[in-house]
Structure formats: structure tokens, C-alpha cells
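S.K.: below: sequence and its predicted model.
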Amino acid sequence: MERALEFLNNLGSLFGRYKIHHILFWIAYFVFWVSVYQNLYKDINQLFLITGFYTVSNAGVYYISQYVLIPHLRKTKFSILFLPAFFILSALCSLFMKIGISLALSMNLEEFFQATSLQIFFVYFSSNVFTGGILLASKGYLENRKTVRQNELREKERIESELNFLKSQVNPHFLFNAINSVYVLIRIDPDKASETLIKLSNLLRSQLYEFTTDSIDIQQELEYLENYIELEKIRKGERLKVVFEKGEGLEDFSIAPLLLIPFLENCFKHLSSHTDQENQVKVKIGFYHGRLSAYFFNTKDNQKKVVDSIKGGIGLKNIRRRLEILYPKRHTLEIKDQPDSFEVKLEIKNNED
């Protein structure tokens, strides 16, 4: 199979380099018209000669137009002159045909074709314009399609590169927070620090080996969130109360990896530090009416608005951009910043709807 593909690639390169497909096309073109007009000529040599002039003239109109007129006029301000130049070229090639066929056959073409000189010239001119025009239009269409495909590929590569960049920023951001947590615990509670490192190891393993694709099963993302919550519980201790609810319909749903974790990170980053009441984090994720619904809530101290403070942050700023790229016009993101709480509601419409 690999050898066959290699042979086809080499064959394609050979055709492209030496324009063999052009030669094959004009041979087929010549054979086609010989077969069409073979019954109109008693002398096969006359048929071959006249068809040969047609082929050479038609090819001349196309190649001179495609590789001389078009490139030259594109570089100037006179591209509007292409059509007049094309018709003049067709007329000159028609004159070449009339004179060349007349000399080659050594006869009067008006008597041979039983037509006037103007009628014969018009037939030649029509052939050159029609064939040259069709070939130029086909070439232009193919080049335009190629350009569109190249632009689409470049845009796809640009978006993938941007997504990879945004995704790569998620990992260091999370890692920075987690390492700070371990650093604090090492002095306070070495055993908890050890347990935290194990949780951190599990999270990093998911990032390295499971979250490298464009989409993952929602269950993998939920498991990642649960591991992160467990890590934060170890760090926060009894001051923290977490409610994590998983709704129905999450069995067969895929999502971009690490899409929800920034919202959860934000919950703990801006979590309240109450000593006389619970510091709460609530997470509810479900699939309802064709939409993935994710809700994040955390209590916070009565401080400067979180929305203002996170606009320039890495996590939520990146997640907004990722949502715009991955789910354009298919998602809604609502952020509600209250004096004592912070809420995020995200909905993503199922692609199959």
C-alpha cells in the first residue's frame, strides 16, 4: 500500500514537473476531433493536417493568454485590456490557421470549403475564442479552488495554533496555583502535602496523556474536576464546603479538554475566607434540552468586583477566546458578580441539533 502511494506521488510530481498531462490532453483533443470529422474528409492526410492546425492554434491562444497576457497585465494597471488582447490574439491565430492550411494544402480554401474568406476566418476565430475561453475559465476555476483550499488550510492551522497556545497557558496557570498550595502545606502538614502531590500527579497525567485530542468524553473532564476539588479540599481543610452535582444525559457527550477547569479554578481563587460561616463552592453540570449546562458558584469576601479583577487574568480571558473559536454562536456565558458571591453559567449547544 505504501509503495503504491509512493508511486502515485512520484507520478503526480512527474506530471506536474514536465506538464505531461498537458501533452496527453492535446493528444486526446486531436484524436477526438479527428474521430468527429473523419467522415467529412476523403483524404486522411487533409483531416490530420487541418485538425493539427486547429489544435496548435487553440493551444497557442490558451498558453499565450495564460502564461503571457494574464501575468503581464496583472502586474500593470491595464488588466481591463485582457479581453481586447485575447480577441486580437485569437484573430492572429485564426489568420495563422487560414494562411497555414492554405499553404499546406496548396489549394484555395474558399473553393475547398465552399465558403467565403470571411466565413472561414469566422469559423477559425470562433474555435479559438471558444476553446481558449473554456480552457482559461477552467484553469481559473481550478486555481481559485486551490487558493480557497490553501486559505482554509492556513486559517485552520492558525486557529489550531491559537487553540494550542491558549490550551498551553491553562496548564502553567493551574500548575502555578497547585505548586503554591503544596508549598504552603509542606510547612503546615507534610502528610497532606504528600497527598496533594499525588493528586497533582494524577491531574498532570491526565493533561499529558488524556487531554491531547481535540475533544474528550465529558466523563473525563468531570473526573478531572473531581480530582481538582479533592486537591483543594486537602489544602482548605474544614473551612471549605463543596457541592458537586452531576445531572443526567452526560453519558455520550464530548467536550474540548480543559474547558471547564478555569471556572473551577476561579471559584477557589476568589473563595471567601470566612471564619464564622461556611466557605462554599457549588458545581452543577448536566445535559438538558440539547445543551450542556455548567454552573459554578462560590462565596467571596465583600471586596472589589471579581469581574474587574479577572478581565486581564489568564484563565477566564483564555476560556472566553476558546469558546469563541470552538463553539461560535453555540454557547452562552453569563457571569454574575454579587457582593458576597460569584456565579458563572455556561451553556453549550449540542452540535447535532
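M.R.: Here it is on my side, so go on. Since this is a predicted model, take the numbers as computed values, not measurements. Residues are numbered from 1 along each chain as shown.
S.K.: Asn227 and Ile234, how far apart?
M.R.: Distance of Asn227 to Ile234, given as CB to CB, to the nearest Å: 11 Å. Quick note: C-beta positions are derived from backbone N, CA and C, even for glycine.
S.K.: more neighbours: which of the two?
M.R.: Ile234 (21 against 16; other CB atoms under 10 Å).
S.K.: after the helix or strand harbouring the more buried one, next one along is what?
M.R.: Using DSSP states H and E, Ile234 sits within helix 218-236. Under the assignment DSSP H and E, the closest C-terminal helix or strand after helix 218-236 is strand 240-246.
S.K.: quick check, distance from that following strand to the centre of its chain.
M.R.: Put simply, strand 240-246 sits 39 Å off its chain's centre (CA atoms, centre = their mean, to the nearest Å).
S.K.: who's in contact with the helix or strand following it?
M.R.: Once strand 240-246 ends, the next helix or strand along the chain (criterion: DSSP H and E) is strand 254-255. Outside strand 254-255, the residues that touch it by CB atoms under 8 Å, 6 or more residues apart in numbering are Ser215, Ile216, Asp217, Ile218, Glu221, Leu292, Ile348.
S.K.: for the stretch 1-150 of the chain, which segments are assigned as helices?
M.R.: 2-18, 20-37, 44-64, 70-74, 82-105, 109-113, 117-188 (DSSP state H, counting those that start in this stretch).
S.K.: packing partners for the helix or strand just after the longest one?
M.R.: Scanning forward in sequence from helix 117-188, with DSSP H and E defining helices and strands, the next element found is helix 190-205. The contact analysis (3 or more CB pairs under 8 Å, 6 or more residues apart in numbering; DSSP states H and E) places helix 190-205 against helix 117-188, helix 218-236.
S.K.: sorry, back to before: mind listing what's buried along the helix holding Ile234?
M.R.: 218, 220-222, 224-225, 227-236 (16 or more other CB atoms under 10 Å).
S.K.: export that helix as CSV, just CAs?
M.R.: Extracted C-alpha coordinates of helix 218-236, given in CSV (Å, rounded to 0.1, in the frame of the first residue of the first chain):
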residue,chain,number,x,y,z
ILE,A,218,-17.4,14.7,29.3
GLN,A,219,-16.8,12.0,31.9
GLN,A,220,-13.0,12.5,31.7
GLU,A,221,-13.5,16.3,32.2
LEU,A,222,-15.8,15.6,35.2
GLU,A,223,-13.2,13.2,36.7
TYR,A,224,-10.6,15.9,36.3
LEU,A,225,-12.8,18.4,38.1
GLU,A,226,-13.4,16.0,40.9
ASN,A,227,-9.6,15.4,41.3
TYR,A,228,-9.0,19.1,41.4
ILE,A,229,-11.7,19.5,44.0
GLU,A,230,-10.1,16.8,46.2
LEU,A,231,-6.8,18.6,45.9
GLU,A,232,-8.4,21.8,47.1
LYS,A,233,-10.2,20.1,49.9
ILE,A,234,-6.9,18.8,51.2
ARG,A,235,-5.5,22.4,51.1
LYS,A,236,-8.5,24.2,52.5
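S.K.: and the contacts of that helix?
M.R.: By CB under 8 Å, 6+ apart, helix 218-236 touches 178, 181, 184-185, 192, 195-196, 199-200, 202-203, 206, 210-211, 240, 242, 244, 246, 250-251, 253-255, 257-261, 264-265, 268, 271, 279, 281, 283, 285, 292.
S.K.: let's see that with 7 Å instead.
M.R.: The contact list for helix 218-236, computed with CB atoms under 7 Å, 6 or more residues apart in numbering, reads 178, 181, 185, 192, 195-196, 199-200, 202-203, 206, 210, 240, 242, 244, 246, 250, 253-255, 257, 259-261, 264, 268, 283, 285.
S.K.: in the stretch 101-250 of the chain, where is pLDDT below threshold?
M.R.: 155-175, 177-178, 206-212, 235, 237 (pLDDT under 70).
S.K.: hey, what's Glu334 bridged with?
M.R.: Applying DSSP bridges to Glu334 gives these bridge partners: Lys345.
S.K.: quick check: it touching Lys345?
M.R.: Yes - contact criterion CB atoms under 7 Å: Glu334 and Lys345 qualify, at 4.4 Å.
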